[in-house]
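Colleague: Sequence first, then the predicted structure, then my questions.
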Amino acid sequence: MSWLGKILGGTFGFFMGGPLGAVLGAALGHQFDKGVQGIDRLGGGFNPGDQQRVQTAFFTATFSVMGHIAKADGHVSPQEIEMAKAVMAKMELPPELRKTAINLFNEGKKSDFPLDAALTQFRKECHRRSTLIQMFIEIQLQAAYADGSFDDAEESLLLHICDQVGFSRYDFQRLKTLVEAQQRFSSSWQNSHPHSQGPTLSDAYQSLGVKKNASDAEIKKAYRRLMSQHHPDKLVSKGLPEEMMKIATEKTKEIQKAYETIREARKTAK
């Protein structure tokens, strides 16, 4: 059993305090021991074992905040619920972890969900791991687009979330454009059949965040940067739960497919 499985299964004597610990405790149906190390005792650095603490915080924040965003426009659509389930399916969570993820999603939908406090703790737990925070925002963006639209309420809430976790608004807008293109490209690629148009070259360029007139060197640089940002082993070393490696692996496949699409098109054009 993985570390996260032990934590959420209640078979390991380590629990996280603070607002995230309270949300996780509610999702598990019990309160954690108030004597455990809380957010107020984090100190300046990370001690051995805190890698697992970050993984627990990431898992807890991801699904609870996802539920909160889904409720941003006043109701949770069937598509948003399916998106949350799709993320869980990609992770291939065992039954107990899947149940906990669903419960966290439901905790996030509640009117008294402590969003700011939870995000403040999440930022401190991540300890300036910018790649991990970007992955968190990226997952939330994907969930926000689940119902096929991205309304003002969702964008306003996501911008607030970015402010709380220290992710710049400029980087958010850049990531938003990238996620939009990647979702279009991924959808057309994965759902293509012999008589369909398939993924477009335009979406491939946008998926890498480059313009059509970019040089081969610029395209390769953008590709390598995105592959580095989404490399599963690197993200896990930063604190991504092992159970979420499959999401990162799928993302690297999509990035690679976009790069190959561009290379093939340029080779044919020569």
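Modeller: Nice, thanks for sending it over.
Colleague: how about the helices in the protein?
Modeller: With DSSP state H as the criterion, the chain has helices at 3-9, 18-28, 50-70, 78-91, 95-109, 115-126, 130-144, 152-165, 169-190, 201-208, 216-229, 232-238, 245-269.
Colleague: need the ones you listed in CSV with mean pLDDT, can you?
Modeller: Formatted as CSV, the helices of the chain follow (pLDDT from 0 to 100):
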stretch, mean pLDDT
helix 3-9, 57
helix 18-28, 87
helix 50-70, 88
helix 78-91, 77
helix 95-109, 88
helix 115-126, 94
helix 130-144, 90
helix 152-165, 94
helix 169-190, 81
helix 201-208, 89
helix 216-229, 94
helix 232-238, 86
helix 245-269, 89
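Colleague: Put together TSV for those helices, with mean neighbour count on each row.
Modeller: (Glycine included, C-beta is placed from N, CA and C.) As requested, those are exported to TSV (neighbours: other Cβ atoms under 10 Å):
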stretch	mean neighbour count
helix 3-9	20
helix 18-28	23
helix 50-70	24
helix 78-91	17
helix 95-109	20
helix 115-126	20
helix 130-144	21
helix 152-165	17
helix 169-190	17
helix 201-208	22
helix 216-229	15
helix 232-238	17
helix 245-269	16
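Colleague: Span of stretch 123-134 from start to end?
Modeller: 11 Å (Cα to Cα, to the nearest Å).
Colleague: Sorry, slip of the keys, the one I care about is stretch 65-77.
Modeller: With Cα to Cα, one end of stretch 65-77 sits 16 Å from the other.
Colleague: What are the contacting residues of it?
Modeller: 80-81, 84, 87, 104-109, 113, 115, 118-119, 139-140, 143-144, 146-147, 151, 153-154, 156-158, 161 (Cβ atoms under 8 Å, 6 or more residues apart in numbering).
Colleague: Ok, stretch 105-114 next?
Modeller: With contacts defined as Cβ under 8 Å, 6+ apart, stretch 105-114 is touched by 19, 22-23, 26-27, 63-71, 76, 84.
Colleague: Repeat the analysis, applying 7 Å as the threshold.
Modeller: Stretch 105-114 has contacts (Cβ atoms under 7 Å, 6 or more residues apart in numbering) with 19, 23, 26-27, 63-68, 70-71, 76, 84.
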